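*Asks:* build the 3D model from these lines:
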Amino acid sequence: MIVRGKKRDILSSPDALARWWEEACKYHPDSNVVKGAGEPVTWDTDLLDAMKMVRMALRTLSAHVVEQHAVYEGDLEPLNEVLALGYPSLEGTGQGTMISVIRLRDAKIGAVLLPIVLFALRLFTEADWQRLYKCKNDRCVLFFYDTTKSGTRHWCSLGCMNRSRSIQHYRRTIEEKLLPIDLVNPGNPARPD
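*Replies:* Predicted coordinates for the structure are as follows:
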């Protein structure tokens, strides 16, 4: 995120990553599609570095899609490495039916990274790429998927929209104050042609 004009990484420590993951799971309870994580997640610098690598790969891929550039095999490698941490399997339910689940080969980092990359897999293979945007707020670094009916959203959130419009209003106000005064009509600022 950008705070006071400077980029600030909210994933600055393993503890920050654990807090972010806890919040993400609250908003996306279906992120628990991965089975076999038997042991609790170890929130360490290895996992943090792996998460940052996945985040960078997703950012690069999103930028290529939004800017309509070609996607290269090298851009996909970090995500494919994470996808290789799991495999699809069937699991019986209590009602006698079956469901598809993803089982982990490496529970140490797969329990966190794999659900994120699985969502990205669905986004990049099943969703309409025309609805993936970069937030129009110059001070925001986020990409978002527009789920509105019209598909014309420009900002990742209402807060970003309000900040962006506030900045635009401030800039227009400053520009108007800096315009030279019309000497014939002193009440009207002179507008350049």
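
*Asks:* am I right that E91 is in a helix?
*Replies:* No. Per DSSP: H, G, I helix; E, B strand; the rest coil, E91 lies outside any helix segment and is strand.

*Asks:* which SS state does the nearest residue to it once chain neighbours are set aside fall under?
*Replies:* Leaving aside its chain neighbours, E91 sits nearest to V101 (4.7 Å; criterion: Cβ to Cβ, 6 or more residues apart in numbering). Where C-beta positions appear, they are placed from N, C-alpha and C, glycine not excepted. Three-state assignment for V101 (three-state DSSP): strand.

*Asks:* ok, V101 to R153 distance?
*Replies:* 33 Å (Cβ to Cβ, to the nearest Å).

*Asks:* next: I109.
*Replies:* 33 Å.

*Asks:* the more surrounded of the two?
*Replies:* Counted by other Cβ atoms under 10 Å, I109 and R153 do not tie: I109 has more neighbours, with 20 against 17.

*Asks:* ok, V54 - contacts?
*Replies:* By Cβ atoms under 8 Å, 6 or more residues apart in numbering, the residues touching V54 are P78, L79, V82, L113, I116, V117.

*Asks:* and the second one, what element?
*Replies:* According to DSSP states H and E, L79 maps onto helix 73-83.

*Asks:* can you tell me what sits against that helix?
*Replies:* With Cβ under 8 Å, 6+ apart as the criterion, helix 73-83 contacts 50, 53-54, 56-58, 60-61, 64, 110, 113-114, 116-118, 120-121.

*Asks:* and with 6 Å instead?
*Replies:* M53, A57, T60, L61, L113, V117 (Cβ atoms under 6 Å, 6 or more residues apart in numbering).

*Asks:* give me the mean pLDDT for the helix or strand harbouring Q168.
*Replies:* Assigned by DSSP H and E, Q168 belongs to helix 158-178. Across helix 158-178, the average pLDDT comes to 78.

*Asks:* which regions of the chain sit below the pLDDT cut-off?
*Replies:* 2-3, 5, 30-33, 35-39, 179-193 (pLDDT under 70).
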